[in-house]
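Colleague: next input, structure requested:
(one chain, ligands or ions: 1)
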Amino acid sequence: MLSRGKSGRNVEAEAAPADLDLDWPQNSGAYELKAQIGQGAFAKVWQARCDEKDTDVAIKIMELDNLMLSIDDIYQEVRVMLLSKNPSVLRAYACFVVKRSLWLVMPLMRKGSCLRIMRVMKRAGLGEGMKEDWIATILKATLIGLEYFHKQGKVHRDIKASNLLMDSDGSVMISDFGVAGWLPSGQQGRRDGEQRRTFVGTPCWMAPEVMEQTSPYDEKADIWSFGITALELAKSYAPYARLAPMKVLLNTIQMPPPSLKSYDDYQETKQKFSRHFRDIITLCLQKNPAHRPSAATLLTKRFFKNAPTKEKLVKELLETVPIPDTCDTAIASDSEKREQQMMLEKIQQDQQEHMQKQKLKEAGPAPDANSEAEPAATIQAPTSSSSSSTGSQTPVPAPAPESSVSPTAQGSGEAPPPAPDADQASAPDSAAAQTASSQAGATAPDSEAPPGKAINPRIVARLEAAPQGSSFVRGATWDFDDDEEDAKATAPADAPAASGAPAGADAAAATKGDGASASPNGVAGAQKAVPASAEEKPQTGSGDEVDGFEAFALEYSKMGVKGEDGKVAEQGS
Ligand SMILES: Nc1ncnc2c1ncn2[C@@H]1O[C@H](COP(=O)(O)OP(=O)(O)OP(=O)(O)O)[C@@H](O)[C@H]1O
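Modeller: Presented below is the predicted three-dimensional model:
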C-alpha cells in the first residue's frame, strides 16, 4: 500500500506488526453515523454503528483543510494510535479519508469526557469538581497512558479533562494522542526529526516553556498540563479559566505556578483535599520542566498507589450520580436535531459519492481529465498479508497531495480575497491571513474599521508564516523578530491575580462539544466570537474554547499593543 503526502513522497507502508488488529473495516461504508456526541474546535465526534463488528463506535471527523500535517505525517501518528494496546490510551480502530475529511474510528466511551461528567454533576446540584478519590483513579489512569507514550518519545500536548474519556465500566482513557500536533498552530507542522517548538495546546493547560518558545519542549510539558488537569478535576475549571488568552499566557509565564490557592474560594475548599494531592500538584506545576517528575515517578507516589479501583469509581460515581450516556443527551432541541440531520445527510452524500468513485476506479480506467480530480494519496492501516480481513480494507483515496493539509495551501483553487493594502499584500501569506481573519468573524481591515477592533491580517499572516523555531513570546515582550518592522510592546503591567470563577462554564456547555450540550451551531476555534476587549472577555470554564495561536493572535490584535502607560497604541503598522 502506498501512501503519498503533500511532499509527493511515496511511502511504502511497513509490514503490519504482528499485534496490529486489522480487523476493523477501513472504509466509511461500514459505519452508520447515528448522532453527533461531541464537538471540539477542529472536529465533530459522532456515534456510529459498525454492523460488521456488531458494536457502536465513536468517529472523529476532521476537515483536512484544517489539518497542518500531510497525510503521510498524520498516518505515522495514527499508526501509534492504531497500535496502542495500553488500557489508558484510546486506540484507533481505523483511519481513512472521505472526500475532504479525515475519519478516525475509535472505541465509544459512553460517559464522555471528565469535563462532561463534571458538568452533569454540577447541573444535578452536586457542586463543583470531583471527590479526591475519584480524581486519584482518573489521574492514575492518565499517568499510565502518559508513561506509555512518553517512553516512545511522544508528547500529547493537550492533556485536559475534555480529553480524558470515561466508559461505563469506569475505565478512563486519554484520547487524541498526536492529534494536537495536526492542528493549526500558527507555525509549520512538525516534521520527523525536528524538535518540538510548535505552539500547540490550549492556553490554560499550556506549560510555560511551550508558551515561551525559547527552547524545545519535551514530555514534561504534558506533566504541567497534567497538574493543571488535577486542579481542573478538583474545581471543575482550570485556573485562569476566565481570563483572556493573552493574560493566561502572561500569568503562566510571569506569576508563580497556580495551585488550589489560585481559586477564590480556597478557604472553603482546602479541607476537601489532602496534603498528598496538593503535593502532587506542586510537583507537577514547577516552572522548570527538569524539576517536574516523570509520569513513571509520579506513579510511585502514595497518592496514586492508594488510588481506588475503577470498580469503586463505578460504584461511587457512575451508579450514584446518573451520568447519561453521551448519545442519550446528544440532541438538545428540535433545531439542533434538524441541523444534525442536515449534517448527517451531507456526510452520507459524501460517503456515497466517495464509494461510487471507488467502485468506478476498481471497475475501469481512471476517470478522464474533465471529471473531478481523483484523490491520489491513500491512507490506510498497513496491510498484512496474513490478515484475513483484507477484503474489508478497501484502499481509501485521500485528496491530492497539494490540497491536503497546509493552511497556507488553504483555498488553493479559490481566488484569494484582495489584499486590503499593498503592505498586506506583501505579507508572507495574505491569503492565510484573510482566511484566519474571516474565520474569526472579523471584518477585513479597511479605513472604516475602528482601530483595534478588527483583526490585523498582517499579524495573523506573520503568525501563520513564522518560521519553525522562531520566538514569538519572550517574557513580557511581544517580538515578531522582524527587522523591517518591530512590533514590540511591553506587556500590560497589571497582570491580574490568579483567580476566577468558572465564568461561562454553563455558557460553554451551551456552545461547545461534550455531547450533552453540543450545538451544531457552535463555531469552533478561531471562528468563535471574541469580545472587543480582553478585559471583558468571559472565558469558558474549560478554557477549551480558545485554541492556540489563532485565538491568541486574534486576542492580541483586539487588545492592541499596550504601551508602558497602559494605553492602547496603533498596532503593527
Ligand atoms: N471516543 C469517544 N467516545 C465518546 N465521546 C467522545 C469520544 N471522543 C470524543 N468524544 C466527545 O467529543 C468531545 C469533543 O472531542 P474532541 O476531541 O474533538 O474535542 P475536545 O478535546 O473536547 O476539544 P478540542 O479538540 O477543541 O481541544 C469530547 O469532549 C467528548 O465528550
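Colleague: point me to the residue of the protein nearest the ligand.
Modeller: Gly38 (1.8 Å; Cβ to the nearest ligand atom). Any C-beta I mention is one placed from the backbone N, CA and C, and that applies to glycine too.
Colleague: doesn't that residue fall inside a strand?
Modeller: Yes: per DSSP: H, G, I helix; E, B strand; the rest coil, Gly38 lies within a strand segment.
Colleague: burial of it, as a residue count?
Modeller: As a burial measure, Gly38 scores 26 neighbours (other Cβ atoms under 10 Å).
Colleague: what about the nearest residue to it once chain neighbours are set aside, is that helix, strand or coil?
Modeller: Ranked by Cβ to Cβ, 6 or more residues apart in numbering and with sequence neighbours excluded, the top spatial neighbour of Gly38 is Val45, at 3.7 Å. Put simply, Val45 is strand when judged by three-state DSSP.
Colleague: low-confidence ranges, this protein, go.
Modeller: Counting by pLDDT under 70, the ranges of the chain that qualify are 1-22, 68-69, 178, 180-201, 327-337, 364-573.
Colleague: quick check: residues of it near the ligand?
Modeller: Proximity of the chain to the ligand is assessed by Cβ under 6 Å from any ligand atom, with 37-43, 45, 58, 60, 90, 106-109, 112-113, 116, 158, 162-163, 165, 175-176, 202, 326, 513-515, 544, 547 identified as the residues in range.
Colleague: ok so, going back, contacting residues for the residue nearest to Gly38?
Modeller: Val45 is in contact with 36-39, 58-61, 513, 515, counting by Cβ atoms under 8 Å, 6 or more residues apart in numbering.
Colleague: from the residues of the chain next to the ligand, which would you call buried?
Modeller: When neighbours are counted using 16 or more other Cβ atoms under 10 Å, these contain these buried positions: 37-43, 45, 58, 60, 90, 106-109, 112-113, 116, 158, 162-163, 165, 175-176, 202, 326, 513-515, 544, 547.
Colleague: of those, which belong to helices?
Modeller: Counting by DSSP state H, the part of these found in helices is Arg116.
Colleague: now, the buried ones among the residues of the chain next to the ligand that are in strands?
Modeller: Filtering these for membership in strands, criterion DSSP state E, returns 37-39, 43, 45, 58, 60, 106-107, 112-113, 165.
Colleague: can you pull the buried residues of the helix or strand harbouring Met81?
Modeller: Per DSSP states H and E: Met81 is located in helix 71-83. Judged by neighbour count (16+ other Cβ under 10 Å), helix 71-83 contains these buried residues: 71-83.
Colleague: what's it packed up against?
Modeller: Other elements packing on helix 71-83 under the criterion 3 or more Cβ pairs under 8 Å, 6 or more residues apart in numbering; DSSP states H and E are strand 2-4, strand 94-98, strand 101-107.
Colleague: please work out which of these is packed deepest.
Modeller: strand 94-98 (a mean of 25; mean count of other Cβ atoms under 10 Å).
Colleague: between that one and helix 71-83, how many degrees?
Modeller: On the basis of axes from the mean of the first three to the mean of the last three Cα atoms, to 10 degrees, strand 94-98 is oriented at 150 degrees to helix 71-83.
Colleague: what helices or strands is strand 94-98 leaning on?
Modeller: Strand 94-98 makes packing contacts with helix 71-83, strand 101-107, helix 334-363 when contacts are defined by 3+ Cβ pairs under 8 Å, 6+ apart.
Colleague: now with 7 Å?
Modeller: For strand 94-98, the contact count by 3 or more Cβ pairs under 7 Å, 6 or more residues apart in numbering; DSSP states H and E identifies strand 101-107, helix 334-363 as packing neighbours.
Colleague: buried deepest among the ones you listed, which one?
Modeller: Mean neighbour count, computed with mean count of other Cβ under 10 Å, is highest for strand 101-107 among the helices and strands packed on strand 94-98, reaching a mean of 23.
Colleague: now stretch 79-94 - C-alpha only, CSV.
Modeller: Only the C-alpha atoms of stretch 79-94 are listed here, as CSV (Å, rounded to 0.1, in the frame of the first residue of the first chain):
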residue,chain,number,x,y,z
ARG,A,79,-0.2,4.3,13.4
VAL,A,80,0.7,4.8,17.1
MET,A,81,-2.9,5.0,17.9
LEU,A,82,-3.7,2.0,15.8
LEU,A,83,-1.1,0.0,17.5
SER,A,84,-1.8,1.1,21.1
LYS,A,85,-2.8,-1.6,23.4
ASN,A,86,-2.4,0.4,26.6
PRO,A,87,-5.5,0.3,28.8
SER,A,88,-5.3,4.1,29.3
VAL,A,89,-4.8,5.2,25.7
LEU,A,90,-7.8,5.4,23.4
ARG,A,91,-6.7,3.4,20.4
ALA,A,92,-7.8,4.0,16.9
TYR,A,93,-9.6,1.2,15.1
ALA,A,94,-9.4,2.7,11.7
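Colleague: hmm, who's touching it?
Modeller: Taking Cβ atoms under 7 Å, 6 or more residues apart in numbering as the criterion, the residues outside stretch 79-94 that touch it are 17, 19-20, 24-26, 57, 78, 95, 104-107, 141-142, 144-145, 148-149, 154, 165, 171-175, 177-178, 381.
Colleague: drop anything exposed from those.
Modeller: By neighbour count, with 16+ other Cβ under 10 Å, the contacts of stretch 79-94 hold 20, 24-26, 57, 78, 95, 104-107, 141-142, 144-145, 148-149, 154, 165, 171-175, 177-178, 381 as buried.
Colleague: ok, Val155 - contacts?
Modeller: For Val155, the set of contacting residues under the criterion of Cβ under 7 Å, 6+ apart consists of 196, 218-219, 221-222.
Colleague: now, which of those residues lie within helices?
Modeller: For these, secondary structure assignment (DSSP H) places 221-222 in helices.
Colleague: quick one: Tyr29 and Glu353 touch, right?
Modeller: Actually, residue 29 is Gly rather than Tyr. No: contact status for Gly29 versus Glu353: not in contact, 11.7 Å apart, counting by Cβ atoms under 7 Å.
Colleague: now the helices for the stretch 201-350 of the chain?
Modeller: If DSSP state H, counting those that start in this stretch is used as the criterion, the helices of the stretch 201-350 of the chain fall at 208-212, 220-235, 245-254, 266-269, 275-284, 295-299, 302-305, 310-313, 334-363.
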